[in-house]
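Colleague: Sharing a model prediction with you, sequence too.
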Amino acid sequence: MTVDFIFEGLNQLFPSFAGNDIFLILAMLLPFAGLFGFITIYGFGVIYSELKVSSFIQDKIGPMGQGPGLHAGKWGLLQPVADGLKLFFKEDIIPASADKPLFILAPFLIFIGAFISIIAVPFGEKIIVADMNIGIFYVLGIGSLAVIAVILAGWSSNNKWALYGGMRSAAQIISYEIPAGISLVVVIMLTSSLSMQEIISYQAGGLFNWVIFDNPFMPIAFVIYFISALAETNRTPFDLPESESELVAGFVTEYSGARYALFFLSEYANMFVVSAVAATAFLGGWQSPFSDFLNTPIWSMFWMISKTFFLIFVMIWIRWTVPRLRVDQLMHVCWKVFIPIGLFNIFGVAIWTVLRG
Amino acid sequence: MGLVHGEEMVLNIGPQHPATHGVLRLQVRTDGEVVSQITPYMGYLHRCFEKHCENVTYEQVIPYTDRCDYLSSMSMNFGYVVAMERLMDIKVNERVEHIRVVMAELQRIASHLLCTGVFGLDLGAFTPFLWALRDRERILDLFEFTCGARLLYNYMWVGGLSHDIPVGFVESTFEFLDYFEPKIDELENILAHNKILVERSADIGVMPKDIAISYGVTGPNLRASGVKWDLRKNDSYSIYDRFEFDIPIGEGKKGTVGDCWDRFYVRILEMRESVKIIRQALASMPKDGDVHQSLPKKIRPPKGSVYARTETPRGDLGYYIESDGSPIPYRLKMRSPAFTALSVMDEIAAGWLLSDVLAILGSLDIVLGEIDR
């Protein structure tokens, strides 16, 4: 969508060179560059907000040093940059007994998985890198890539803690994909489309047209999706794969420096993806809550990002409030609670749609 | 659980592990997540406390007691001076007794705060830990105000105290207590009644009464198993018999009596009782009295031996002191409560999942400095 859009835009701008191959390449590279820039800024922003929100919850100040005026900086705005720089300047350690190729591959794999999911996230009517007709399915599919990377990391580290973390993570992510998928199925049933844009256009026309308010089954689906998303991104209370007080650091135990930073960043990128999917599927995506009011392209970006960030904020809030589940309780919640309720939800929504006609 | 058996794996938890509360190594045999056997290995923090004591004078022992249980140094001092005063037959004045009780109870709150906070941390809740540390800081500030040290005080001396309390201490302490009492409720709300924490700790690592007694477990861990045993009441020392306070015991509110949740909750209840004791002690504290009044010029106890036990935040702390009439102890033996608490680990924690083992370890509230000595 965007590629065509930019390509045509360039053609119209420079009619004498219309149809030039360079335009096509530019049209492909520009969204990529934009996305990369967005992810970088988003990464800094979300890490900073995690630091600050956690600090306010914990009754402390949080980062104060880095930032404008450096050591006198009031808000510590550049703290994530300093953290990132520190990580990238650290020595690159690969344990002698590790399976080297897999050990090196794992962080890249998890990062690519998180990164390429974002191309299907719509920020506006035209502002989407790739408007696939199976967008939501694509995001779910790519999201599963993370589990391979986590198992690789856990296994190749040749460390018992990492192995435990990897195995836990495999069980967890695979299990929680099912309730997440089931709760998105009901959205697809309503909107009769897998395309992100069509799901959003179904929700046009203000707050009460959002999928979450569509019928009484949707809030349940939303809650199930959101909690499953927490589990898929390994956030507390489902951070068993990297539970610091049990498994030292889980599957990242042997990782340090830049490789660790990639794991770290991809966790936040994954948070963005699952929150953006939740916002798209349930909260009207880039649609304004006031029908046509404030629904221009710029505002649509604002709505999408603020909805996503609100969900990310809730994730951070949950993380710093609740303890962690045990591995069997985690499975209990998934298989004995969420999946039955989710299946019931599908049934309920089906009947509801038939009755509503 | 336990129906399918796989290959067993030996896992070393520690000595460098975030959940072992110091340099403890637990060697566990695991089958998947299920732990079948736990062997604690300690000694990584062994500093020859008892042997050192045979080479220094009696007053020089006090700083060593600080370093045994570094989370409740005041209580460690207290136990030693009680033993020494019993050996030398010294009677200290009222003001000293009151100050000692206030300090020991403040220390109990500080120690229990750390324990409950760290228990939450072991279960993955980070915020309550920082809340607990924030309030513990206030207590450490009070200690710093009194004797200049925040961790290792060397405050209680045989026959007195190193310093009198500073001007304004009583007011600051009351102020702290007023601030702190609502904070206990806050801590209780975020941790004790949290659904996930209850799921994680109720019915886990149950320590029945008979096992607790036969292993010699004392303190909050014993009380959580339903035994009303507190030396402050049962074998009263100092002036504890004058104060009104309850001995909270585990009632199995969320599960079985003696489970992790009980051990954790008893400590929260004990903090409330300590607040009561401090209020009473501060109110009845005599305005004057020299804290150095009965300080002996030279500590040279008569030939003989003494065994005195006191209630530290972790349980019965016993000092056995054998004197040969010289200014240096002939033999000093410490009976440490955390040591016995650790010994029960294999009995109550085997058969649980790996995460539960660390929850149980956290609920026992061990301090390696005191175990290894």
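Modeller: Alright, I've got the coordinates.
Colleague: Now chain A against chain B: closest residue?
Modeller: Going by CB to the nearest CB, chain B is nearest to A:Arg324 of chain A, at 2.7 Å. All C-beta atoms are positioned from the backbone trio N, CA, C, and that covers glycine.
Colleague: So what does the residue lying closest to that residue once chain neighbours are set aside have for phi and psi?
Modeller: Taking CB to CB, 6 or more residues apart in numbering or on different chains, and ignoring the residues beside it in sequence, A:Arg324 has B:Gly124 as its nearest neighbour in space, at 2.7 Å. For B:Gly124, the backbone dihedrals (degrees, to the nearest 10) come out as phi 100, psi 0.
Colleague: Give me the three-state assignment for B:Ser36.
Modeller: Reducing the assignment at B:Ser36 to three states with DSSP: H, G, I helix; E, B strand; the rest coil gives strand.
Colleague: again with B:Ala308
Modeller: Looking at B:Ala308 with three-state DSSP, the answer is strand.
Colleague: and the closest residue to it other than its chain neighbours, what does it touch?
Modeller: In this structure, B:Ala308 finds its nearest non-sequential neighbour in B:Ala83, 3.6 Å apart by CB to CB, 6+ apart. For B:Ala83, the contacting residues are B:Val306, B:Tyr307, B:Ala308, B:Tyr319, B:Ile321, taking CB atoms under 8 Å, 6 or more residues apart in numbering or on different chains as the criterion.
Colleague: where's the residue nearest to the fourth one when sequence neighbours are not counted, which helix or strand?
Modeller: The shortest distance from B:Tyr319 to any non-neighbouring residue, by CB to CB, 6+ apart, is to B:Ala83 (4.0 Å). According to DSSP states H and E, B:Ala83 maps onto helix B:73-88.
Colleague: what about chain A, any weak spots by pLDDT?
Modeller: Within chain A, the stretches falling below the threshold (pLDDT under 70) are A:1-4, A:17-20, A:66-74, A:241-245, A:357.
Colleague: mind checking pLDDT for the residue nearest to B:Ala308?
Modeller: pLDDT, the model's per-residue confidence, is 90 for B:Ala83.
Colleague: that older thread, just the buried ones out of the contacts of B:Ala83, please.
Modeller: Burial by neighbour count, judged by 16 or more other CB atoms under 10 Å in any protein chain shown, picks out B:Val306, B:Ala308, B:Tyr319, B:Ile321 from the contacts of B:Ala83.
Colleague: picking up where we left off before, could you point out the helix or strand that follows the helix holding B:Ala83?
Modeller: Beyond helix B:73-88 toward the C-terminal end (DSSP H and E), the next one is helix B:94-122.
Colleague: and that following helix, anywhere near chain A?
Modeller: Yes. Applying CB under 8 Å from any CB of the partner chain, one finds helix B:94-122 in contact with chain A at B:Gly120, B:Leu121, B:Asp122.
Colleague: contacts for stretch A:122-140?
Modeller: Applying CB under 8 Å, 6+ apart, the contact partners of stretch A:122-140 are A:1-3, A:5, A:31-32, A:35, A:117-121, A:177, A:180-181, A:184, A:187-188, A:193-197, A:199-200, A:273, A:277, A:280-281, A:285-286, A:297, A:300-301, A:304-305.
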